[in-house]
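**Student:** sequence isn't available, so here's the structure alone:
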């Protein structure tokens with residue numbers, strides 16, 4: 001059996017956790033296994049903050065302190081995860097990487113400039129530090145292993161730094177580089193998640209959660225039997241347990257349901273992660289690193305219906321609505337121009353809604369993209385017609401997802417009736433043509449309340465799955 005296993009940041013949060021994960025991999029040493037790892041918990045955020053602080057404050061003293069703390073975190077992990085003689089070797093490698101990182105941060109501080117390209121380079125150090133530690137932990141357990149960056153593995157991307165997209169040539173490159181390692185050498189590669197490289201050698205990142213995409217791309221390239229995403233939760237739940245403590249584990253969902261959930265805020269999966277697997281119908285298992293006996297959730301090409309209609313609810317609460325409205329203009333031309341500009345600016349549109357009069361286009365975007373979005377639309381006065389741009393802050397998007405919603409009348413009525421009784425005002429509505437999803441925007445203060453109300457309305461804590469499948 002050929003398996004790609006991905007371990008998230010919480011799974012490799014420290015040395016003991018890395019050792020634990022290495023032992024999980026060792027249980028499947030009779031199989032062909034490729035491991036993909038994220039940075040240790042909190043490291044990517046700390047690298048992001050360090051890059052911005054070096055740019056704004058230009059403090060060499062801070063840089064010295066930051067790299068010392070980062071080095072210690074990884075030294076401690078090595079001590080707990082790796083045995084000699086591999087410990088000394090990986091320590092030397094970490095020293096070289098830390099020295100390289102310090103020089104990059106000092107360069108940003110001296111120049112007073114931080115580009116998206118240099119930020120990606122800095123963020124890559126998290127995975128580049130964790131992968132060799134994990135690989136060395138496997139070696140300590142007697143499993144031959146090789147640490148590789150995403151670029152080493154053959155993941156080639158475009159130059160959209162921060163949200164780079166793998167190019168189609170990656171599949172052949174990954175297959176040619178990974179297969180000989182697992183098949184002929186019998187080794188277990190440990191590949192850095194989240195990062196790739198452009199054709200001219202610049203390091204890129206795939207966006208937050210991009211390690212999932214790394215794993216699924218590799219799986220599709222080498223025709224893996226399954227992908228196992230090891231997380232800190234038992235699987236996909238009916239809602240975020242921080243919002244709904246009684247949320248229930250979903251044993252099986254379809255690719256399309258999982259993609260809808262990921263796109264609308266479920267943090268269990270990268271929104272694009274399933275795309276490489278769909279054509280080859282490779283299943284994904286979400287498993288709990290610290291509760292490995294739990295079967296978790298399997299994501300397949302099948303849709304199983306349940307006694308309920310809605311299968312899961314999601315919430316995104318860090319978003320803004322951008323409105324483009326007016327009169328006397330060609331709406332199709334304006335719409336095309338808006339999305340062209342957003343694409344060039346790297347603005348991700350989460351949800352759209354168009355008024356029936358075709359005089360208003362509303363778009364939900366991530367709050368972090370707002371400055372770029374408004375800058376991209378600064379000269380609307382020069383467009384043909386009377387065009388205005390406005391924004392609505394403090395917004396949350398709630399999504400109800402489920403295959404059984406398709407063709408079932410009255411779902412939207414139940415949703416909005418329940419919210420209306422609770423006094424929750426709907427700001428914006430959108431529904432996918434597949435009918436697998438109904439999404440709507442409410443005030444941020446009402447977001448969590450809306451999720452709780454709908455979880456109760458559709459009895460998701462009590463739903464019992466039945467063995468009816470839609471091919």
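**Tutor:** That came through fine. Predicted, not measured: the structure shown is a model, and the values here were computed from it.
**Student:** got the buried residues for the longest helix seen in the chain?
**Tutor:** Taking DSSP state H as the criterion, the chain has its longest helix at helix 86-111. Residues 86-87, 90-91, 93-94, 97-98, 101-102, 104-106, 108-109 are the ones in helix 86-111 that count as buried (16 or more other Cβ atoms under 10 Å). Quick note: C-beta positions are derived from backbone N, CA and C, even for glycine.
**Student:** same check on stretch 405-424?
**Tutor:** Within stretch 405-424, judged by 16+ other Cβ under 10 Å, the buried ones are 405, 406, 411, 414, 415, 418, 419, 424.
**Student:** check which helix or strand residue 53 maps to.
**Tutor:** Under the criterion of DSSP states H and E, residue 53 resides in helix 43-57.
**Student:** run through the neighbouring helices and strands of that helix.
**Tutor:** helix 60-81, helix 86-111, helix 116-123, helix 125-140 (3 or more Cβ pairs under 8 Å, 6 or more residues apart in numbering; DSSP states H and E).
**Student:** which one of these lies nearest to residue 354?
**Tutor:** helix 116-123 (30.9 Å; Cβ to Cβ).
**Student:** can you name every helix or strand that the closest one contacts?
**Tutor:** So helix 116-123, by 3+ Cβ pairs under 8 Å, 6+ apart, packs with helix 43-57, helix 86-111, strand 203-205.
**Student:** packing partners of the very next helix or strand once past the last one?
**Tutor:** Put plainly, it is strand 203-205. Per DSSP H and E, the first helix or strand lying C-terminal to strand 203-205 is helix 210-221. Where contact means 3+ Cβ pairs under 8 Å, 6+ apart, helix 210-221 is packed against strand 2-7, strand 32-37, helix 169-179, strand 188-192, strand 195-197, strand 226-231, helix 275-278.
**Student:** buried residues in the last one?
**Tutor:** Right, helix 275-278. By 16+ other Cβ under 10 Å, the buried positions in helix 275-278 come out as 275, 276, 277.
**Student:** and the residues you listed, which is closest to residue 373?
**Tutor:** Within those, proximity to residue 373 (Cβ to Cβ) peaks at residue 275, which comes in at 24.7 Å.
**Student:** quick one: residues contacting the closest one.
**Tutor:** residue 216 (Cβ atoms under 8 Å, 6 or more residues apart in numbering).
**Student:** I'd say residue 256 and residue 436 touch.
**Tutor:** Yes. Using Cβ atoms under 8 Å, residue 256 makes contact with residue 436 at a distance of 5.8 Å.
**Student:** find residues that contact each of the two.
**Tutor:** residue 403.
**Student:** neighbours of residue 361, just the number please.
**Tutor:** If you count neighbours by other Cβ atoms under 10 Å, residue 361 ends up with 19.
**Student:** so what's it up against?
**Tutor:** 323, 324, 325, 331, 334, 335, 338, 352, 353, 354, 355.
**Student:** let's go with 10 Å and repeat that
**Tutor:** Counting by Cβ atoms under 10 Å, 6 or more residues apart in numbering, residue 361 touches 322-326, 331, 334-335, 338-339, 352-355.
**Student:** same deal with residue 449?
**Tutor:** 243, 396, 398, 419, 422, 423, 424, 442, 443.
**Student:** try it again with 8 Å
**Tutor:** Counting by Cβ under 8 Å, 6+ apart, residue 449 makes contact with 422, 424.
**Student:** in whatever helix or strand it lives in, which residues are buried?
**Tutor:** Residue 449 belongs to helix 447-457 when assigned by DSSP H and E. Neighbour-count burial for helix 447-457, counted by 16+ other Cβ under 10 Å, picks out 447, 448, 449, 450, 451, 452, 453, 454, 455, 457.
**Student:** let's have those in JSON lines, adding pLDDT and distance to residue 47.
**Tutor:** Shown next, in JSON lines, are the buried residues of helix 447-457 (pLDDT from 0 to 100; distance: Cβ to Cβ, whole Å):
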{"residue": "447", "pLDDT": "96", "distance to residue 47": "29"}
{"residue": "448", "pLDDT": "96", "distance to residue 47": "30"}
{"residue": "449", "pLDDT": "97", "distance to residue 47": "35"}
{"residue": "450", "pLDDT": "97", "distance to residue 47": "35"}
{"residue": "451", "pLDDT": "96", "distance to residue 47": "32"}
{"residue": "452", "pLDDT": "97", "distance to residue 47": "35"}
{"residue": "453", "pLDDT": "97", "distance to residue 47": "39"}
{"residue": "454", "pLDDT": "96", "distance to residue 47": "37"}
{"residue": "455", "pLDDT": "95", "distance to residue 47": "36"}
{"residue": "457", "pLDDT": "94", "distance to residue 47": "42"}
